[in-house]
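Trainee: Model the structure of this input:
(one chain, ligands or ions: 1)
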Amino acid sequence: MTLHDAPAAGAGLDVDALVIGAGFAGMYQLYRLRKLGLRTRVLDRAAGIGGTWYWNRYPGARCDIPSLFYTVSYTPELNQKWQWTERFGTHEAIRAYMEEVARQEDMHRDISFETTLVAADWDEGSATWTSMTDAGERIRSRYLIMATGALSESRVPDLPGLGGFKGRWFHTGRWPHEPVGFTGRRVAVIGTGSTGVQVIPVVAQDAAETIVFQRTPKFVLPAVNVPMTEEDARPVKEMYPALRKAARRGDYGTPFPPPAEHLDEMSVQDRETLLEDLYTKGGVGSFVVSYHDHLGLKKQEVNDIVADFVRKKIRETVDDPATAETMTPYGYPIGINRIIIGTDYYETFNRDNVRLHSVLDDPIVEVTATGLRTQNAEFEVDDIIFATGYDGMTGSFTSVDVRGRTGKTIREYWADGPSTYLGLQMADFPNLFLITGPGGPSVLSNVITTTEQSIDFLMGLIEHARADGLDVIEADADAERRWMEHVADVAQGSLYRDSYKANSWYTGLNVPGKKVVFMPYAGGVGTFETILEDVTADDYRGFRRSAAARTEVVPDQPQPAGG
Ligand code: NAP
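Mentor: The predicted model follows:
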């Protein structure tokens, strides 16, 4: 039986668009669909808005994009009034901002929380999606939009014995809402990516002992998080419209221009002075997050200069030479993972109550009732924190039973690696849209910029098609194939081709059994913007449009008064 064979909840459509996810992407999607006059409902499995910021409440969680630029475009008055108190916002501050955006735009009335999409099925005859929630509710919609985020499916490694652990254990991406104290406790932290780097220094301040289980050593740059006054923020706020435009044209979804310096052509003395200065103020990463030919994502010589500089900093900062050496990354370029920024990360390993354990040298074999056993040792702990990451980019799409025209699920469709047209759509999945999907710039960016970029384009496409009386949109299979070839070529033309050497989640290598392929579009947000403009000007080249048989939206039932 398919979802369509089940008894219908009512004739016709329940809504025009069903959006999954109430993070930044789902919120903007709701805002824009309402502007088009389309009846929209949003589902989220969380109990409140926030998406990734709803779940990531671990100690130290904050954003790696400066607060002033981690704001949405559609609440300009709020953005002028909103006072960010630090250069990089905490999870609490970002959630408070999102709550205020949602309140101002009266979003909650269209969002169903604690409601999970479990299956969705395309019906060719009526050209509708029928979606099923975990409560058994069926929702028929014309459009189905997955605003489910690139980092939603958290991964706890499959370690034997975890069920028998007598202490507490947490995954950072599913952190409890009530405060979790670590005072006087022995804590194991597994994972040293962006998340581990944030949580370790904060936990170490309270814990009796913190044991860090590191697998692949990482390059960590100082965040240089500083307090921010309204006076500091004012010049940026005054230029918001221009800066937003610049962010759309930037490589990384931010308005900062790439560095002009050619590091490999400078004298050793001059470049040391420059890098030292940037290391203190923040900004070394700018040499390895842009795609210009003289910068470190394209030029190995420049990458080596920056990587060596960071290696030197690790040796200078970590007192114990053996620990410093274990923490020093070799064998892959800097910047091919998302740049990790931290506060007092390397310094934390100089504390008496912090120990490093290299999982590469001595792997974890099981969780015992009282801690962790490695091949060569046993560690007694009270708490285990898994900062072990996500089934990135594809997990939130493949974990749901979404079936297109041929009856294939997304997981089946992507068996040989993810495939989309512009990160937005797949052939055989009409009217299904992915926000920040693989094949788009998504995670190689300020994600607010890229979600808005994708949604603006999609809204233009839907509006354009509807103006012609066409309400079914589907990526052309050839256009999709050619786009994915281009995505692969672009990655090959940069040092991202070496991402697998760093076990990067950009490639899927961190998930056992997942097809290994570099997933995002690495041409830069600005280049992608130009491509979207070009596709738009060329009558939305690559998107087939057709008319559906008329299926009317069931109007809202009048609500009883006083309830
Ligand atoms: P991650 O980058 O995937 O890091 C996961 C860590 O866990 C890695 O050190 C990994 O080692 C380790 N690990 C995984 N499985 C393991 C196992 N079985 N045994 C031992 N170690 C294991 O995940 P994340 O730190 O949560 O970050 C994911 C992304 O979220 C970031 O890249 C970033 O985009 C975003 N994020 C951003 C911020 C921010 O804005 N500041 C903060 C947190 C997260 P290997 O490297 O060897 O796989």
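
Trainee: I'd like to know how far Arg155 sits from the ligand.
Mentor: Taking C-beta to the nearest ligand atom, to the nearest Å as the measure, Arg155 falls 7 Å from the ligand. Heads up, the C-betas are built off the backbone N, CA and C, glycines and all.

Trainee: In contact with that residue, which residues?
Mentor: Contacts for Arg155 (C-beta atoms under 8 Å, 6 or more residues apart in numbering) come out as 171, 388-391, 510-511.

Trainee: Let me see the confidence value for it.
Mentor: Per-residue pLDDT puts Arg155 at 97.

Trainee: so where is the protein shaky, pLDDT-wise?
Mentor: The chain contains residues with pLDDT under 70 at 1-11, 550-563.

Trainee: Up against the ligand, what does it have?
Mentor: 63-64, 151, 157, 190-196, 198, 213, 215-216, 338, 359, 364, 387-390, 443, 503, 505, 510 (C-beta under 6 Å from any ligand atom).

Trainee: Would you list the buried entries among these?
Mentor: Buried by 16 or more other C-beta atoms under 10 Å: 63-64, 151, 190-196, 198, 213, 215-216, 338, 359, 364, 387-390, 443, 505, 510, out of these.

Trainee: so of those, which ones are in strands?
Mentor: Applying DSSP state E to those, the entries found in strands are 190, 213, 364.

Trainee: All the helices of the stretch 51-200 of the chain, in order from the start?
Mentor: Secondary structure of the stretch 51-200 of the chain, counting by DSSP state H, counting those that start in this stretch: helices at 52-55, 76-81, 91-104, 194-206.

Trainee: Taking the stretch 301-450 of the chain, what residue is nearest to the ligand?
Mentor: In the stretch 301-450 of the chain, the residue that lies nearest the ligand is Gly389 (2.6 Å; C-beta to the nearest ligand atom).

Trainee: For stretch 231-251, buried residues please.
Mentor: 233, 236-237, 240, 243-244, 247-248, 250-251.

Trainee: again, but for stretch 434-448
Mentor: Buried, per 16+ other C-beta under 10 Å, within stretch 434-448: 434-448.

Trainee: cool, stretch 372-383 as well?
Mentor: 372-374, 379, 381-383.

Trainee: Make a markdown table out of these and add distance to Thr52.
Mentor: Compiled in a markdown table, the buried residues of stretch 372-383 are given as follows (distance: C-beta to C-beta, whole Å):
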| residue | distance to Thr52 |
| --- | --- |
| Leu372 | 27 |
| Arg373 | 32 |
| Thr374 | 31 |
| Phe379 | 30 |
| Val381 | 27 |
| Asp382 | 28 |
| Asp383 | 23 |
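
Trainee: Can you list the strands that the longest strand seen in the chain pairs with?
Mentor: The longest strand of the chain (DSSP E) is strand 138-146. Strand 138-146 pairs in its sheet with strand 15-20 (parallel), strand 128-133 (antiparallel), strand 432-434 (parallel), by DSSP bridges.

Trainee: Now for the chain: which helix has the highest residue count?
Mentor: Among the segments of the chain that qualify as a helix by DSSP state H, the longest is helix 447-467.

Trainee: And the next helix or strand past that helix?
Mentor: strand 472-475 (DSSP states H and E).

Trainee: Beyond that following strand, next helix or strand please.
Mentor: Next in sequence after strand 472-475, counting helices and strands by DSSP H and E, comes helix 477-492.

Trainee: Only C-alpha atoms, please: export the helix or strand that that following helix is followed by in CSV.
Mentor: For helix 477-492, the succeeding helix or strand toward the C-terminus, using DSSP H and E, is helix 525-537. Presented in CSV, the C-alpha positions along helix 525-537 are these (Å, rounded to 0.1, in the frame of the first residue of the first chain):
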residue,chain,number,x,y,z
VAL,A,525,28.7,31.7,-3.2
GLY,A,526,29.3,34.6,-5.6
THR,A,527,29.9,32.4,-8.5
PHE,A,528,26.8,30.4,-7.6
GLU,A,529,24.8,33.6,-7.5
THR,A,530,26.0,34.4,-11.1
ILE,A,531,25.0,30.9,-12.2
LEU,A,532,21.5,31.3,-10.7
GLU,A,533,21.1,34.6,-12.4
ASP,A,534,22.1,33.1,-15.7
VAL,A,535,19.7,30.1,-15.3
THR,A,536,16.9,32.5,-14.4
ALA,A,537,17.7,34.7,-17.4
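
Trainee: What helices and strands are in contact with helix 525-537?
Mentor: Helix 525-537 is packed against helix 240-249, helix 447-467, with contacts defined by 3 or more C-beta pairs under 8 Å, 6 or more residues apart in numbering; DSSP states H and E.

Trainee: got the angle between that helix and helix 240-249?
Mentor: Interaxial angle, helix 525-537 versus helix 240-249 (axes from the mean of the first three to the mean of the last three C-alpha atoms, to 10 degrees): 90 degrees.

Trainee: quick one: buried residues of the helix or strand following helix 525-537?
Mentor: Moving toward the C-terminus from helix 525-537, the next helix or strand (DSSP H and E) is strand 543-546. Using 16+ other C-beta under 10 Å as the test for burial, strand 543-546 gives 543-545.
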